[in-house]
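Undergrad: Got a predicted model here, sequence first, then my questions.
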Amino acid sequence: MASKKTASEGGLFETFKTIVYALLLAGVIRTLFFQPFWIPSGSMKDTLLIGDFLFVNKMAYGYSRHSCPFSICPFSGRILGSEPERGDVIVFRHPVNGTDFIKRLVGLPGDRVQMQEGVLYINGQRIPQEPAGTFTETFRQQGPMGHLPRCENGPVGLGAECTKSRFIETFPDGSTHAILNITDDRFGDTTPVFEVPQGNYFFMGDNRDNSQDSRFARSVGGVGFVPFENLIGRADRVTFSSAGSSMLAFWTWRSDRYFKRID
């Protein structure tokens with residue numbers, strides 16, 4: 001009996017070790033290579049929806065003090081990785097309050113970026129926008145924070161259709177992505193020229209009239225220019241998406257967004 005008990009205890013111990021090692025491995029992978037991110041706001045619609053869950057590739061641009069634990073990577077600046085490219089969807093750390101943001105990279109170091117009546121200009125060149133239908137959603141509270149969407153056809157009542165004009169924008173390198181528009185007469189629609197300093201980047205949300213991004217000063221809730229070292233990683237695919245108030249509410253998961261590529 002003693003030997004059977006010892007064998008049983010040994011089996012339980014081995015199982016426990018396996019679980020611990022698996023958790024440690026998952027922790028290392030999460031810390032060094034990927035970071036989970038749940039979309040909390042509508043600033044990147046319709047590329048990203050509230051409730052999209054994704055993993056950020058932390059190796060895309062190498063390691064920085066924001067993407068690697070200090071005890072493992074005791075350095076300032078960034079090592080390894082490639083240069084960020086215009087059009088990448090990136091998670092970065094807010095330069096002042098440390099909050100994680102996700103936006104599209106629009107302006108590279110040295111670029112001149114401006115908005116004129118809702119149209120983007122980079123280095124004096126107008127960035128083409130082609131009409132691409134209408135983005136439609138239900139006007140109701142979204143996500144755990146209960147945000148209500150802004151509507152081009154608003155104001156509308158709860159449960160009504162909320163629409164925004166959709167366009168395909170084409171960057172100078174030929175890459176394309178969708179953007180949404182509500183109005184052309186707000187501050188973010190016509191701006192001064194922003195000259196992106198060396199070592200910094202200019203970000204914008206695809207939902208152009210519902211995004212506090214680099215067009216807005218940090219003093220009014222924007223992010224301003226974002227230093228290279230604040231970049232955490234690139235978002236490449238949505239893993240799954242929940243239309244409810246919790247990502248655990250599997251009955252609200254959007255079946256059309258499993259492993260959806262982020263363009």
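TA: That came through fine.

Undergrad: From now on I want contacts and neighbour counts done on CA atoms only, so please keep to that.
TA: Noted.

Undergrad: what about the stretch 151-263 of the chain, any weak spots by pLDDT?
TA: Applying pLDDT under 70 to the stretch 151-263 of the chain flags no residue at all.

Undergrad: just so I have it, where are all the strands in it?
TA: Using DSSP state E, counting those that start in this stretch, the strands of the stretch 151-263 of the chain run over 161-170, 176-181, 194-195, 200-204, 226-227, 231-241, 260-261.

Undergrad: Would you tell me which of those strands gets closest to Gly154?
TA: For Gly154, the closest of these is strand 161-170, at 7.0 Å, according to Cα to Cα.

Undergrad: what helices or strands is that closest one leaning on?
TA: strand 129-138, strand 176-181 (3 or more Cα pairs under 8 Å, 6 or more residues apart in numbering; DSSP states H and E).

Undergrad: could you give the angle of it to strand 129-138?
TA: 150 degrees (axes from the mean of the first three to the mean of the last three Cα atoms, to 10 degrees).

Undergrad: Show residues contacting strand 161-170.
TA: Contact partners of strand 161-170, identified using Cα atoms under 8 Å, 6 or more residues apart in numbering, comprise 127-139, 149-154, 156, 176-182.

Undergrad: Now which of those residues would you call buried?
TA: Among the contacts of strand 161-170, those scoring as buried are 129, 135, 138-139, 149-152, 177-182 (criterion: 16 or more other Cα atoms under 10 Å).

Undergrad: what about the most centrally placed residue in the chain, distance to Gly233?
TA: Centroid check for the chain by Cα atoms, centre = their mean gives Ile102 as the closest residue, at 2.7 Å. According to Cα to Cα, to the nearest Å, Ile102 and Gly233 sit 10 Å apart.

Undergrad: that older thread, could you point out which of the helices and strands packed on strand 161-170 sits nearest Gln35?
TA: Shortest distance between Gln35 and the helices and strands packed on strand 161-170, using Cα to Cα, is found for strand 176-181: 23.6 Å.

Undergrad: tell me what the closest one is packed against?
TA: If you count contacts as 3+ Cα pairs under 8 Å, 6+ apart, strand 176-181 packs onto strand 161-170.
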